[in-house]
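**Q** with the input below, show me the fold.
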Amino acid sequence: MRSNTVLCVALTVLLYLTGSFGQQDVCGRASLNTRIIGGVDATEGFWPWHVSIYSIGSNVIVCYGSLINKDWVLTSGYCSSYDLDSSDYIIYLGRLKEFGPNTHEVNRTVSRVIKHPDYDISFYENNIGLVQLSSSVDFTAYIKPVCLAAAGSEFNEGLLSWITGWGFTSSNTLQEAEIPIISNYNCSISFNNSLNITDTMICAALSDGGNCFLFYGGSLVTKQNSRWIQSGIVSLGCDTSLKSVFTRVSKYQDWINTQIVINQPGFITFPYYNNSHTSSVPDIPDIPDVPDIPDVPDIFSGSSPDLHLFPFYLTFTIISLIFCPCF
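**A** Numbers count the residues shown, from 1 in each chain. Below you'll find the model as predicted:
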């Protein structure tokens, strides 16, 4: 009996690991995005993880988020405070225009919302949450998950990163901007030390105070080789006289993996050459997508790059059913 229990635990761990490796293969690959220096309007497919959360009744965006696997969206704790799993909200993926037709978009409702238990709205601490989609999405050239910054990642002052959204602009097209990271020390100074910038936060500078399109739950991303890695979640944005504060994603790898135990998001260390922490899977060359043709579906991860893991899933699942009847 004891040996069966040990075997069950081992099989569970292996199933979790294969799901995580699958996400490592597919996350952060915006194959349509070849931009080096950006403009204002984004191009369709450039930011395939961008998610918009709409209030159906008022037809306005209440929050943003980022797709991190076929079932889950990462957003802020503030956004998770909404009753998103009610019929009043809808999530759009693959959307370029805020209003009007969007050829490649899909939408989902919400089945579950998880807010960090220690979220503190007064001090912007632990401003992070997860949203489970009502049904899985298929990955295409226009809808893909972003990679997440792994524990130990370092984003130094001056590093150029990207933000996207509509926010409070008059543009109907998704906006993008490249902004530099600033140190927590300089960020605190910009707030005249009135806000405690902790190590669970990361700051970036807005260059145009009159054109703010940051919105709660939005992503701050940086490109490493062929992959885009999310370093931050908009926590305090659009105070145009100050710097913008983001939740530091790398501080929450354990918490995220505790909530999403199967098909876990892909975590990658930034920078890659940091010898003290390494990615679980090395970066591999990007394989261009064919526009308008979805990836071959996979019943386990919703994405063709995981097909090579099929024998592992099948073997572990069959053995689990034999030895672990309650698995």
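**Q** kindly report the domain assignment for the protein.
**A** As assigned by automatic domain parsing, the chain contains the domains 39-145, 147-251.
**Q** on the three-state scheme, the residue lying closest to Ser136 once chain neighbours are set aside is what?
**A** Leaving out its chain neighbours, the residue that sits closest to Ser136 by C-beta to C-beta, 6 or more residues apart in numbering is Lys70, at 4.4 Å. To be clear about C-beta, it is placed using only N, CA and C from the backbone, and glycine gets the same treatment. State at Lys70, reduced to three classes by DSSP: H, G, I helix; E, B strand; the rest coil: coil.
**Q** what about the nearest residue to Leu133 once chain neighbours are set aside, how many residues nearby?
**A** Leaving aside its sequence neighbours, Leu133 sits nearest to Arg108 (C-beta to C-beta, 6+ apart; 4.3 Å). If you count neighbours by other C-beta atoms under 10 Å, Arg108 ends up with 19.
**Q** distance check, the residue nearest to Ser136 against Asp41.
**A** Separation of Lys70 from Asp41 (C-beta to C-beta, to the nearest Å) stands at 28 Å.
**Q** now Thr200
**A** For Thr200, the distance to Asp41 - C-beta to C-beta - is 33 Å.
**Q** also Leu84?
**A** 28 Å.
**Q** and what of Thr75?
**A** 24 Å.
**Q** so which of the two has more stuff around it?
**A** Thr75 (31 against 13).
**Q** which ones are touching that one?
**A** 51, 53, 63-66, 128-131, 216-217, 233 (C-beta atoms under 8 Å, 6 or more residues apart in numbering).
**Q** in the chain, where's the longest strand?
**A** strand 227-236 (DSSP state E).
**Q** pairing partners for it, with directions?
**A** Strand 227-236 has the following strand partners under DSSP bridges: strand 147-149 (parallel), strand 219-224 (antiparallel), strand 244-248 (antiparallel).
**Q** around the residue lying closest to Trp49 once chain neighbours are set aside, how many other residues sit close by?
**A** Of all residues not flanking Trp49 in the chain, Val146 sits nearest, at 3.9 Å (C-beta to C-beta, 6+ apart). Taking other C-beta under 10 Å as the criterion, the count of residues near Val146 is 25.
**Q** wait, Val146 touches Ser219, no?
**A** Yes: counting by C-beta atoms under 8 Å, Val146 touches Ser219, with 6.5 Å between them.
**Q** shaky segments in the stretch 51-200 of the chain?
**A** 167-170 (pLDDT under 70).
**Q** so Ala42 makes contact with Gly165?
**A** No: with contacts defined as C-beta under 8 Å, Ala42 does not count as touching Gly165, sitting 9.4 Å away.
**Q** show me which of the two is the more surrounded one.
**A** Neighbours around Ala42 and Gly165, counted as other C-beta under 10 Å, are more numerous at Gly165. The numbers are 28 against 22.
**Q** what's the first-to-last distance across stretch 62-73?
**A** 15 Å (C-alpha to C-alpha, to the nearest Å).
**Q** need the contact list for Val221.
**A** Trp47, Val146, Ser161, Trp162, Ile163, Trp228, Ile229, Gln230, Ser231.
**Q** export those to JSON lines and append columns for distance to Asn257.
**A** Listed next are the contacts of Val221 as JSON lines, based on distance: C-beta to C-beta, whole Å:
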{"residue": "Trp47", "distance to Asn257": "24"}
{"residue": "Val146", "distance to Asn257": "16"}
{"residue": "Ser161", "distance to Asn257": "23"}
{"residue": "Trp162", "distance to Asn257": "25"}
{"residue": "Ile163", "distance to Asn257": "25"}
{"residue": "Trp228", "distance to Asn257": "20"}
{"residue": "Ile229", "distance to Asn257": "16"}
{"residue": "Gln230", "distance to Asn257": "15"}
{"residue": "Ser231", "distance to Asn257": "17"}
